[in-house]
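Undergrad: sharing a model that was predicted from the sequence below.
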Amino acid sequence: MDILLSLFRDINFDWLAQFQWVFMLVAAILGAYFILFALSLAVWVFRDIRTRSRDPFAIAFAIILVLVLNLPGLALYLLLRPNDTLSENYERSLQEEALLRELDNQVSCPSCHRPIEPEFAMCPFCYTLLKRTCPNCRRLLSPSWRGCPYCATRLAESTVTSDQTQEVSR
Ligand SMILES: [Zn+2]
Ligand SMILES: [Zn+2]
């Protein structure tokens, strides 16, 4: 009877040990999977945040958030991350700049503020002189310029402070 009991106990023990071994194996696989999953999440977030921010604190915060909180951390990150990527921001700033330049190019008369063409030498509405001609190459110049940028002619100071400039700056 004693022998039988001990045998039974042994079998029982063996079965338990085996179960424990299988359990540990499954736990190890799940753990490795979890760590890999967390790491790939962190890598994905690192790549994503780098296209959106150059701030090292923001990058570190995003990675720590995902490493600590995992999937909820990812959800938080997706909520908190900057909407636009850096290249999108850059493109938008280029567009805005182009738009501003276009607006700047919409020349208006400094005196009566009516729209004029950049080539106009005089405002057709109020006779304000807008340009003067270079004495050397005859191209139109801004009255405030002290030299001709087209033919590198220095203009005499007297012509700069002529009635023309005063007329325009008035
Ligand atoms: Zn005018
Ligand atoms: Zn010139």
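TA: In hand now; what should we look at? Ligands and ions are numbered 1, 2, ... in the order given.
Undergrad: so what does the helix ranked longest in the chain touch, helix or strand wise?
TA: As assigned by DSSP state H, the longest helix anywhere in the chain is helix 2-50. Using 3 or more C-beta pairs under 8 Å, 6 or more residues apart in numbering; DSSP states H and E, the elements in contact with helix 2-50 are helix 56-80. Placement of C-beta: from N, CA and C, glycine included.
Undergrad: what residues does the helix or strand just after the helix it packs on touch?
TA: Counting by DSSP states H and E, the next helix or strand C-terminal to helix 56-80 is helix 86-105. Here helix 86-105 makes contact (C-beta atoms under 8 Å, 6 or more residues apart in numbering) with T51, R52, S53, R54, D84, P118.
Undergrad: repeat for stretch 63-73
TA: Residues outside stretch 63-73 that contact it (C-beta under 8 Å, 6+ apart): F37, A38, L41, A42, V45, F46, I49, L74, L76, Y77.
Undergrad: hmm, 6 Å instead?
TA: Contacts with stretch 63-73, where a contact means C-beta atoms under 6 Å, 6 or more residues apart in numbering, come from A38, L41, A42, V45, F46, L74, Y77.
Undergrad: care to break this protein down by domain?
TA: Domain ranges of the chain: 2-80, 107-170, per automatic domain parsing.
Undergrad: export those domains to a markdown table and tack on distance to A98, mean pLDDT and mean neighbour count?
TA: What follows is the domains of the chain, written out as a markdown table (distance: least, C-beta to C-beta, whole Å; pLDDT from 0 to 100; neighbours: other C-beta atoms under 10 Å):
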| stretch | distance to A98 | mean pLDDT | mean neighbour count |
| --- | --- | --- | --- |
| domain 2-80 | 23 | 85 | 12 |
| domain 107-170 | 17 | 78 | 14 |
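Undergrad: could you export the ones you listed as JSON lines, including distance to L100?
TA: Shown next, in JSON lines, are these (distance: least, C-beta to C-beta, whole Å):
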{"stretch": "domain 2-80", "distance to L100": "24"}
{"stretch": "domain 107-170", "distance to L100": "14"}
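Undergrad: how about those, which one is nearest ligand 2?
TA: With C-beta to the ion as the criterion, ligand 2 lies closest to domain 107-170 of the domains of the chain, at 3.1 Å.
Undergrad: quick one: distance of the closest one to the chain centre.
TA: In this view, domain 107-170 has its centroid 40 Å away from the chain centroid, taken as C-alpha atoms, centre = their mean, to the nearest Å.
Undergrad: repeat for stretch 25-34
TA: Using C-alpha atoms, centre = their mean, the offset of stretch 25-34 from its chain centre is 40 Å.
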